[in-house]
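> after the sequence you'll find the predicted model.
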Amino acid sequence: MRYLKECAIIFGITLAGELLNAVLPLPVPAGVYGLFLLLLCLCTGAVKLADVEATGNFLLDIMPVMFVPAAAGLLDKFGVMKPILLPLFLICLASTLIVMGATGKVTDWILGAGKEPDGAETKGTRGTRGTDQNGAAMKKAETKGGGRS
């Protein structure tokens with residue numbers, strides 16, 4: 001019964017996203033509306049994470065299976081794609097590298113927001129994530145009997 005309730009919540013929010021897509025004249029996919037509605041509901045507390053967590057995890061677990069029909073469709077159209085296979089591969093490779101690089105830079109920027117230009121952390125930030133003030137790993141200091149100081 002729990003899974004049925006969770007599916008009803010998720011599908012209801014998805015339906016609301018579809019309705020927003022039909023009503024609003026914006027070029028936004030219905031799935032994006034649904035995701036933002038779910039985010040809004042989770043942030044405001046209208047929907048608790050526990051109310052959708054198990055079904056959400058299940059849907060994430062089976063997501064790779066959902067790509068099988070698309071892959072089969074690509075294999076079916078291989079004859080059409082054969083003349084443009086090299087440019088298609090190069091475009092996919094270049095776009096993947098660009099996305100990976102941009103994601104890495106944004107992550108560095110976000111994680112480095114609390115650091116000063118010389119690499120030291122500013123006061124009031126979280127800490128050094130497993131290292132002491134000298135940059136040595138805390139595990140090494142503890143095994144030598146130094147512990148935290």
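Noted; the coordinates are in hand.

> check contacts around residue 99.
Residues in contact with residue 99 (C-beta atoms under 8 Å, 6 or more residues apart in numbering): none are found. The C-beta positions use only the backbone N, C-alpha and C, and glycine is treated the same way.

> gap between it and residue 106?
11 Å (C-beta to C-beta, to the nearest Å).

> buried ones in stretch 3-19?
6, 9-10, 13-14, 16-17 (16 or more other C-beta atoms under 10 Å).

> secondary structure added to those residues, as TSV?
Formatted as TSV, those follow (DSSP: H, G, I helix; E, B strand; the rest coil):
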residue	secondary structure
6	helix
9	helix
10	helix
13	helix
14	helix
16	helix
17	helix
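
> in this structure, what helix or strand scores lowest on average pLDDT?
helix 138-143 (a mean of 46; mean pLDDT, DSSP states H and E).

> tally up the residues packed near the residue lying closest to residue 47 once chain neighbours are set aside, please.
Of all residues not flanking residue 47 in the chain, residue 41 sits nearest, at 4.0 Å (C-beta to C-beta, 6 or more residues apart in numbering). Using other C-beta atoms under 10 Å, residue 41 is surrounded by 17 other residues.

> correct me, but residue 41 touches residue 16?
No. If you go by C-beta atoms under 8 Å, residue 41 and residue 16 don't touch, sitting 9.6 Å apart.

> follow-up on the earlier one: just say helix, strand or coil for the residue nearest to residue 47.
Per three-state DSSP, residue 41 ends up helix.

> same thing with residue 46?
Assignment for residue 46 (three-state DSSP): coil.

> how far away is it from residue 109?
32 Å.

> so what touches the strand or helix carrying residue 18?
Here residue 18 sits within helix 2-23, counting by DSSP states H and E. Helix 2-23 is contacted by residues 28-38, 41, 47, 51-56, 58-59 when judged by C-beta under 8 Å, 6+ apart.
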